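**Q** no FASTA, just this:
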Ligand code: COA
């Protein structure tokens, strides 16, 4: 499907989604979020897609936040709807069962940082800047930033980034665990592809259930999370890919996984 604000292509089992509004540093307007939801539905349905890479067009921005032209018009009622809708799209990304990598090629601010937080993994260019500057505008993060940032990096980091509204550089983001890897500018999509290829070499259902155990387990008491882990572990033991993966190891050959 063709989109107005996104470029989507599937190559070598990887769907690359590029936010393409460079004149506004790829800011997320409502139309872009609707398109992102549709694009994620398409990628979720498509068996040829095993992983996703999200990036921004141009070399300046990943996504510089929600579109402030639209934000400025919100009433209380549609502000709440805006937040719930965007949270839903990002939750879809987080729970679609396919790993996603944010290739952060520049500014990842506000909704852009929240978009990256909803991805499974994050790789940043050395020159990238990340931040949650919403309080400067008299609002607060509304696409899950207060929740995911605190869960990923701890409440001290979340308080600091959200209430100071200060941007941090890629190396600092790496130090606090906000990104997984920092690479040279211009190499961020290639690094994300390399990481995606490593994931794709593994059994798809094993990857999917591992992500589900981490995502859902973190919201449970450990005892319940361990039970979820054991249940999903058991489920994987019933898959063809488990037989293939263990046999391939014992027979000293490469496994051929079938997503079954
Ligand atoms: N929404 C709408 N437009 C945006 C935008 C956003 N989130 N971020 C940037 N733009 C627009 C700018 O208004 C500008 O448009 P113009 O050329 O018509 O004036 C254009 O993108 C380029 O941005 P500019 O501010 O000139 O670039 P810069 O290099 O001086 O600064 C930033 C870059 C990212 C620091 C700055 O654009 C910024 O602070 N953006 C807002 C970030 C933000 O608060 N995001 C959270 C929203 S909840």
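**A** Received, thanks. This is a predicted model, so every value here is computed, not measured.

**Q** quick check on residue 203: phi, psi?
**A** With angles defined as degrees, to the nearest 10, residue 203 sits at phi -70, psi 120.

**Q** check which helix or strand covers the nearest residue to it once chain neighbours are set aside.
**A** Distance criterion CB to CB, 6 or more residues apart in numbering; nearest residue to residue 203, sequence neighbours excluded, is residue 241 at 4.1 Å. For every residue, glycine as well, the C-beta is placed using N, CA and C. Assessed by DSSP states H and E, residue 241 sits inside helix 240-250.

**Q** related to what we said a few turns ago, got the contact list for the residue nearest to residue 203?
**A** By CB atoms under 8 Å, 6 or more residues apart in numbering, the residues touching residue 241 are 203, 204, 205, 206, 255, 257, 258, 259, 260.

**Q** still on that earlier bit, quick check: buried residues in the helix holding residue 241?
**A** Neighbour-count burial for helix 240-250, with 16 or more other CB atoms under 10 Å as criterion, is recorded at 241, 242, 244, 245.

**Q** report the contact partners of the last one.
**A** With contacts defined as CB under 8 Å, 6+ apart, residue 245 is in contact with 203, 206, 255, 257.

**Q** which residues does the last one contact?
**A** Taking CB under 8 Å, 6+ apart as the contact definition, residue 257 lies against 202, 203, 204, 241, 244, 245.

**Q** now the second one
**A** Neighbouring residues of residue 206 by CB under 8 Å, 6+ apart: 236, 239, 241, 242, 245.

**Q** so what does it have for phi and psi?
**A** Residue 206 has phi and psi values of phi -70, psi -40 when expressed as degrees, to the nearest 10.

**Q** next one, pLDDT for it please.
**A** For residue 206, the pLDDT comes out at 98.

**Q** swap in residue 2?
**A** Per-residue pLDDT puts residue 2 at 87.

**Q** roughly how far does residue 33 sit from the ligand?
**A** In this view, residue 33 and the ligand are 13 Å apart by CB to the nearest ligand atom, to the nearest Å.

**Q** what of residue 194?
**A** In this structure, residue 194 and the ligand are 28 Å apart, going by CB to the nearest ligand atom.

**Q** what does the helix or strand containing that residue contact?
**A** Under the criterion DSSP H and E, the helix or strand holding residue 194 is helix 188-200. Contacts of helix 188-200 from elsewhere in the structure, counted by CB under 8 Å, 6+ apart, are 12-14, 16, 50-51, 53, 55, 99, 101-105, 121, 123-125, 128, 180-181, 183, 207.

**Q** the helices in the stretch 1-150 of the chain, which residues?
**A** Taking DSSP state H, counting those that start in this stretch as the criterion, the stretch 1-150 of the chain contains helices spanning 30-45, 68-71, 76-95, 111-118, 145-153.

**Q** who touches the second one?
**A** Think helix 68-71. Counting by CB under 8 Å, 6+ apart, the neighbours of helix 68-71 from elsewhere in the structure are 24, 27, 29, 30, 82, 137, 139.
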